[in-house]
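Undergrad: Need a 3D model of the sequence below.
(chains A and B)
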Amino acid sequence: MAQTSAKVTAAACYQSIANRGLVAQPWLVTESGTVTFGQLRARIDAVTALLQGQGIAVGDRVVIATRDDAEAAQLFIALICNGVTAVNLDPDAGPDRAQSLIAKATPRLIIIDRDLLARWPGVRAAGPVVEIVPAARSTGVFGKLMTQKPKREGLHALLEHQTPQAPPADIDPETLAYILFTSGTTDQPKGVSISHRALFAHLATLSRRYNYTPTSRILNTLMLSHADGMIQGPVIAFFNAIPVYRPLRFEVTTINLLLDSIYQLRITHLIAVPTMLSLILRLGLDQRDAFQGGDFKLLVSCGAQLEPKLWEDFERTFQVPLVNVYGLTETVVGGVFSGPDAMSREPGSIGVPEDCELRLADRDGKTVADGEHGELLMRGELLMSGYFDAPQMTAEVLNEGWFRTGDIARRDEAGRFWITGRAKNIIIRGGYNIHPEEITEVLQRHPAVTEAVTLGVKDLDWGETVVAVVAADAAVSDTELLTHCAANLEPRKVPSRIQRVAALPRGRSGKVVLEQVRALLAQAPSARAEANGPSADDSERLLKLAASCFKTSVDTITLASRPRDVPGWDSLAHLELVCALEKEFDLRLSSRDIMSLDRLDKALGLIQKT
Amino acid sequence: MTEKQVLLAVLFSSATAVLAAWLPPPRWQPRLIAAVGAALLLLLSPLSACLLGVGAGLSYLLHRRTGNSRAALVAAVVVIAATLISFMLAAAPAAKGIGGHVVLPFGLAFYALRLIHYQFEGYKGNLRGHSFDEYLGYLFMPSLLSTGPIHRFDEYLRDLRRKRWDPALFSAGCARVLYGLVKIVVLGNYLLAEVLPAQFEALAGAGIGHFYSDALQFWLKLYILFSGYSDVAVGFAALAGFRVRENFDQPFIARNISDFWQRWHRSLSSWCRDYVFTPVLSLTRSQGAAVVSSMVVLGLWHELSLRYVLWGAYHGAGIVIFRAFDARYGASLDALTGVTAALWRTLATALTLHFVLFSFYVTTAVQHWLTGG
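TA: Residues are numbered from 1 along each chain as shown, chains lettered A, B, ... in the order given. Just a heads-up that it's a prediction; the model follows:
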């Protein structure tokens, strides 16, 4: 009974999936198969027995590191149900980082992919290891008939021999449910520690806000090593006893398949980051009716600031209600919501808090006057307990129940909050937080680099991209530096660009002056990041031109408009548009261009090609 | 085979294709739909089955090998059009024009256009990745083989990828098939064929009234039967999970001749717009040339004859004149309100209807005048 006002605990969720007729219902559907609630329950029971057998008790920590999504999600939930703190690591992490995080976690058990263990050799020293070994699959009809049941190894063999046991019915709400390491430097890893209290209180908030019902179906392709992927995916699906789908990895080439899936699987809720929305808006226009299959309820945008233009364009083009969630790993996932109701919805704003309080404070922690800018502080059940084993870092952000978000905000007359700046040094690329120091640290480890600094640069698709400014031996190529980064960092943290300088500008105290570095970057000839999208100016000119050819007003058309959507776009107007385009943008369209021009954004492509 | 037997064969195979679309695993569905369609073609016209089989293989290969080369497109269109034309020439002596019995290989007139459509969209770079099986499923879908609509490959493919059990679509499909059958059997083949002619005769008398009633009966019957067959085709496609473009949208209430062609046999007129009008427009930059050539092709598709050249040109001229008129007076006529607006709308609709009703009389008269008959 996930929706009642009574506190729902892990045990209650376990009971509800055990009692209801859910045994054969899907809980998690991935590329490689379906896990039903019945299977999830059996896995929880087996893991419970395994933990008890190993003497692992409430409050102990267990590390999970696997590329198998179904495996990671099942283990994560099984550990939580047992009051054992789950530490789910990003399998893309470099060996140094991974080993330092595992050492920091002091785990009682490390459950890890066999091939990851080979990549992270130091792991064995940090605690007992159980390997995840993919079962050998026999291929073909004959293979299946001739071979016996494949022999299990590692974790699966261990679990097979357990006598199933139900997890404990009572767990202290202050027990840590999971620790999630956010980006940070090696000597100061930031392990966000979330208690059962925070997790389950926030799951209830999210479920109410998104209006999850027993017939909801979630699609969430975000990474499980991050809160938006795991908590807003398998965990909230477990909480509500509803299915979550991860049918594919989100890539530019799978956008059409993603939109097909939304329709075909009768998805009601899509969880996405703004970068995804931007790419879908750019490349998914042939499938604008994908959300119109009669089931879709709500698009959840999370992970990064959703630009007002993208927000409105997406809503208008795909005709979907949207909610923007603001929050941090430190607040489970959210807390502040904008949309879909008219009161909180305001593109560009983060909306209003739910089940938590917000306050804007100046440098001294005093509340600022209404309309003034100040650092955004949050208070409520959803807050983390602290950074794991780092009291000083915790004290810096948590004070008398208030959490410092590091974001600068203001409040408007309607009570909605707007993020206006960032007090902390962080890069948000495609919805993932990156601490620039982490990249700087890796770069500085390269022998040829004398000094380096990393910062985020605005980007149309990614929100921000990572740029490293480096003073280094000229004999070392950028490619070599990037290869060095790739070997030591997760792929999304590798800089998109390296800018060489003779020396970094430093202030009197010896600190690098970031404003001056930014100014340096702006002058640099290879300011490529901005050039990857259509310029706003061209689109505006195009829309105006098209509107005049189609004898309609500019607000009735978008770049996604097709002849059948615009009453005035008949064949005559088509010719008019072609001639007007050629004149306005000084180009000559080939007959193929003219024939293929069945959507306005294609015209934009033609303009930019020349 | 009699017409009734053909109809029964089409109905039976369409129903079988519905089973093929749902029962087997997804990978097999397009394959089996195609197999049912191929069986239907083999039964009705083995020659046609061979033609479509060869056409499918060659066009798929061409698309795969040459991607979007212009030479390949031109070559493919020439070959397909030449095949269609030579069969039409061979069939010409037996033809009695629209609604008559043009003895072409079964379905050729429609699948030739689909093949051209596929090649054009490949050239334009609009085709999503697909397998040969999926392409066969598109070309051989039994309910659409005989009378269209000329559905589009991208729409078919999208429906295939999004396929899910949809009770609303299924029940709409059932209703649609029944509706179409009533149109064909009760309205078209009984009421309009057996009962009403005598009534019309009595009412019309001789002279101009006779002409009038003939034209009215002809177009009414054509509409009822053709739209009935389209209903059945669209309905069966819906039962199999595909949303096929509509072919008719209340054509007789069109306000102008351009509007009429967006309501009558829409899948053909939109085909002509995309693959005749727009290419001609893009090459010549002349609106008039593009309109007239696409209407002439539309006419000739029905029958290769001077009569249909004239008939196409008649409609093309109508559209060009309407466009000129609309550019000049359209805005002020749109601004009318109240009774004058209603009067103008009625007049415009009546004018359009009569332009269509008398199209064959006018073009036949011109033909006689030209040939001195």
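Undergrad: Tell me where the stretch 101-250 of chain B has helices.
TA: B:108-124, B:132-139, B:142-145, B:153-161, B:167-182, B:196-204, B:208-239 (DSSP state H, counting those that start in this stretch).
Undergrad: and if you look at the stretch 501-610 of chain A?
TA: For the stretch 501-610 of chain A, the helices defined by DSSP H, counting those that start in this stretch cover A:514-523, A:536-549, A:571-585, A:591-596, A:600-609.
Undergrad: Show me what the first one is in contact with.
TA: So the one you mean is helix A:514-523. Outside helix A:514-523, the residues that touch it by C-beta atoms under 8 Å, 6 or more residues apart in numbering or on different chains are A:425, A:453, A:455, A:457, A:467, A:469, A:499, A:501, A:504-505, A:527. Every residue, glycine included, has its C-beta placed from N, CA and C.
Undergrad: thinking again about what came up before, looking at the helices of the stretch 101-250 of chain B, which is buried most?
TA: A comparison of those by mean neighbour count, using mean count of other C-beta atoms under 10 Å in any protein chain shown, puts helix B:142-145 on top with a mean of 29.
Undergrad: Domains in chain A, by residue range?
TA: Per automatic domain parsing, the structural domains of chain A span A:10-246, A:326-422, A:430-532, A:536-609.
Undergrad: Just the buried ones out of the contacts of helix A:514-523, please.
TA: A:453, A:455, A:457, A:467, A:469, A:499, A:501, A:504 (16 or more other C-beta atoms under 10 Å in any protein chain shown).
Undergrad: what number of residues lie near B:Ser294?
TA: By the criterion of other C-beta atoms under 10 Å in any protein chain shown, B:Ser294 has 28 neighbours.
Undergrad: got it, and B:Leu8?
TA: 12.
Undergrad: now do A:Glu251
TA: Counted with other C-beta under 10 Å, residues neighbouring A:Glu251 total 11.
Undergrad: tell me the phi and psi of it?
TA: With angles defined as degrees, to the nearest 10, A:Glu251 sits at phi -140, psi 170.
Undergrad: Which positions in chain B make contact with chain A?
TA: Residues of chain B lying close to chain A by C-beta under 8 Å from any C-beta of the partner chain are B:68, B:70, B:120, B:123-126, B:128, B:154, B:158, B:161-164, B:168, B:258, B:273-274, B:277-279, B:281-283, B:285, B:287, B:290-291, B:323.
Undergrad: which of those residues count as buried?
TA: When the residues of chain B next to chain A are checked against 16+ other C-beta under 10 Å, the ones flagged as buried are B:68, B:120, B:123-124, B:126, B:154, B:158, B:161-163, B:258, B:273-274, B:277-279, B:281-282, B:287, B:290-291, B:323.
Undergrad: confidence score at residue 50?
TA: I'll assume chain A. As predicted, A:Leu50 sits at a pLDDT of 95.
Undergrad: should've been chain B
TA: For B:Cys50, the model assigns a pLDDT of 92.
Undergrad: Over to B:Ala204?
TA: B:Ala204 is given a pLDDT of 69.
Undergrad: Kindly report the same for A:Ala304.
TA: On the pLDDT scale, A:Ala304 gets 84.
Undergrad: Next, give phi and psi for it.
TA: According to degrees, to the nearest 10, A:Ala304 has phi -160, psi 170.
Undergrad: Now do it: how many residues are near it, please.
TA: So A:Ala304, with other C-beta under 10 Å, has 20 neighbours.
Undergrad: Residue ranges in the stretch 1-150 of chain B under the pLDDT threshold?
TA: Counting by pLDDT under 70, the stretch 1-150 of chain B shows low-confidence ranges at B:67-68, B:92-102.
Undergrad: any idea how far the residue of it found nearest chain A lies from B:Thr284?
TA: In the stretch 1-150 of chain B, the residue that lies nearest chain A is B:Lys124 (4.3 Å; C-beta to the nearest C-beta). For B:Lys124, the distance to B:Thr284 equals 19 Å [C-beta to C-beta, to the nearest Å].
Undergrad: Ok, B:Ile208 next?
TA: As judged by C-beta to C-beta, B:Ile208 and B:Thr284 stand 41 Å apart.
Undergrad: now swap in B:Glu201 and tell me
TA: B:Glu201 sits at a distance of 48 Å from B:Thr284 (criterion: C-beta to C-beta).
Undergrad: Ok, A:Lys493 next?
TA: 55 Å.
Undergrad: What residues does chain A have near chain B?
TA: Checking chain A against chain B by C-beta under 8 Å from any C-beta, the hits are A:256-257, A:260, A:263-266, A:286-287, A:290, A:293-294, A:570-572, A:574-575, A:578-579, A:589-596.
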